[in-house]
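[1] any chance you could fold what I've pasted below:
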Amino acid sequence: MIKLVSEISIMISLLSFFPWIGVIVYLSMKLRKKKYELILKISLSAPNSFSTRSRMMMESNLSWIAASCFPFYWFGKAMLKYAWRIPESEVNNWKKSILDIFGSWSTWYKSIVYLGNVTFTSLIVFSIFFWGL
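    Modelled structure (predicted):
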């Protein structure tokens with residue numbers, strides 16, 4: 001049973017990883033002319049205690065779009081809420097403003113978030129069942 005769960009989780013991880021990367025590359029290419037404008041808008045809409053760090057994350061990361069998804073990823077939201085002690089209402093407002101900033105591209109953006117969450121979760125399940133962590 002453990003082997004089956006490990007195999008299924010790694011398959012799901014691989015099947016979601018490649019589309020995730022593909023959509024990130026597609027959106028990065030489409031929005032490359034507006035990159036710095038979007039980074040600035042997203043970082044200015046972030047909670048005050050995290051605004052500078054969010055801008056640094058997006059500017060230093062090769063994929064600024066994946067970095068901008070941080071509050072949408074399950075582990076990212078937990079880190080913002082518990083490690084940075086940012087109220088959930090502020091995180092939710094930031095998420096809403098990010099979707100507004102992306103406008104007509106928000107559907108593609110949501111697919112990046114969904115595929116990223118599936119990939120990371122299946123990797124965690126794989127590591128728990130395969131290595132027994």
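
[2] kindly provide the distance from Thr75 to Tyr109.
    No Thr there; residue 75 is Phe. Distance of Phe75 to Tyr109, given as CB to CB, to the nearest Å: 18 Å. Heads up, the C-betas are built off the backbone N, CA and C, glycines and all.

[3] okay, the two: which has more neighbours?
    Just comparing Phe75 and Tyr109: by other CB atoms under 10 Å the higher neighbour count belongs to Tyr109, 22 against 12.

[4] quick check: the gap between the more buried one and Leu4.
    For Tyr109, the distance to Leu4 - CB to CB - is 34 Å.

[5] who's in contact with Pro71?
    Lys77, Leu80, Val91, Trp94, Lys95, Ile98 (CB atoms under 8 Å, 6 or more residues apart in numbering).

[6] closest one of those residues to Thr119?
    Lys77 (16.1 Å; CB to CB).

[7] wait, doesn't the closest one sit right on Glu90?
    No - Lys77 is beyond contact range of Glu90, at 11.4 Å (criterion: CB atoms under 8 Å).

[8] the longest helix in this structure is where?
    For the chain, the helix with the greatest residue count under DSSP state H is helix 2-30.

[9] and stretch 49-61, how far from the chain's centre?
    For stretch 49-61, the separation from the chain centroid amounts to 14 Å (computed by CA atoms, centre = their mean, to the nearest Å).
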